[in-house]
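>>> what follows is a protein structure lacking sequence information:
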């Protein structure tokens, strides 16, 4: 299966009530998708069938099960993973807590240990998220990371996607196999952003599925 047969999608679902939207998606799609109940954990689970999975922020499936995976984000980083040889794939929700606690490392360990992936076969897409330009954090968060700069307000600007990329590169995955979106969810009004809109923000749904 080539990359053109591998579907990953990002849906912009505008809603003034994220909780209602999340419930609607779960009710309508639970028979078609694996849906995690996200708690900013570093928990990653191998998925064999559609359904709702509690307390997990990373899902992995394969050509054997062909389960469509989904996550929801509104500033956090969606990470799509695909092994073009073994045809396993994953979808990760990585906010600052998940990034600090190495959720991408946990996901890649499953690829390497459970599916016997090779570094050169893994393709990764990091989707739209709040970019360094707009992700201002205090030291209680900043102290856990290295990809930082200070702004004029003496606050820290955090580059989450670079932190995630650094963790990916530890697995010797080629740089040209990693794509990072330059869309900032805070700046783009086409995106949902909790940092920008607070409780009024909706959620965007990321989907990855086996397309053959």
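Perfect, I can see it now. Every value quoted in this text rests on a predicted model; they were computed, and no experiment measured them. Numbering: from 1, shown residues only.
>>> in this structure, which spans are strands?
6-11, 33-37, 44-46, 51-54, 58-62, 68-73, 77-83, 88-94, 122-126, 136-137, 148-150, 156-158, 178-180, 204-210 (DSSP state E).
>>> ok, which of these comes nearest residue 106?
strand 44-46 (4.7 Å; C-beta to C-beta). Backbone N, C-alpha and C define where each C-beta goes, glycine included.
>>> identify the bridge partners of the residue nearest to the spatial centre of the chain.
Geometric centre of the chain, nearest residue: residue 78, 2.1 Å, by C-alpha atoms, centre = their mean. Beta-bridge partners for residue 78, by DSSP bridges, are residue 93.
>>> ok, and for stretch 180-192, which residues are buried?
For stretch 180-192, the neighbour count (16 or more other C-beta atoms under 10 Å) marks 180-181, 184-186, 191-192 as buried.
>>> turn the residues you listed into TSV, including pLDDT and distance to residue 98.
Supplementary listing: the buried residues of stretch 180-192 in TSV, determined by pLDDT from 0 to 100; distance: C-beta to C-beta, whole Å:
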residue	pLDDT	distance to residue 98
180	95	17
181	94	18
184	97	19
185	95	16
186	96	18
191	91	19
192	92	18
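>>> for the residue nearest to residue 129 when sequence neighbours are not counted, list the residues it contacts.
Distances taken as C-beta to C-beta, 6 or more residues apart in numbering place residue 77 nearest to residue 129, at 4.2 Å, with adjacent residues excluded. By C-beta atoms under 8 Å, 6 or more residues apart in numbering, the contact set of residue 77 is 92-95, 99, 126-127, 129, 160-161, 164.
>>> same thing but at 7 Å, please
94, 126, 129, 160-161, 164 (C-beta atoms under 7 Å, 6 or more residues apart in numbering).
>>> for residue 141, same thing?
Residue 141 neighbours (C-beta under 7 Å, 6+ apart): 96, 158.
>>> cool, and residue 97?
Per C-beta under 7 Å, 6+ apart, neighbours of residue 97: residue 40.
>>> what does the one 3 residues further on give?
With C-beta under 7 Å, 6+ apart as the criterion, the residues that contact residue 100 are residue 144.
>>> alright, calling it a day.
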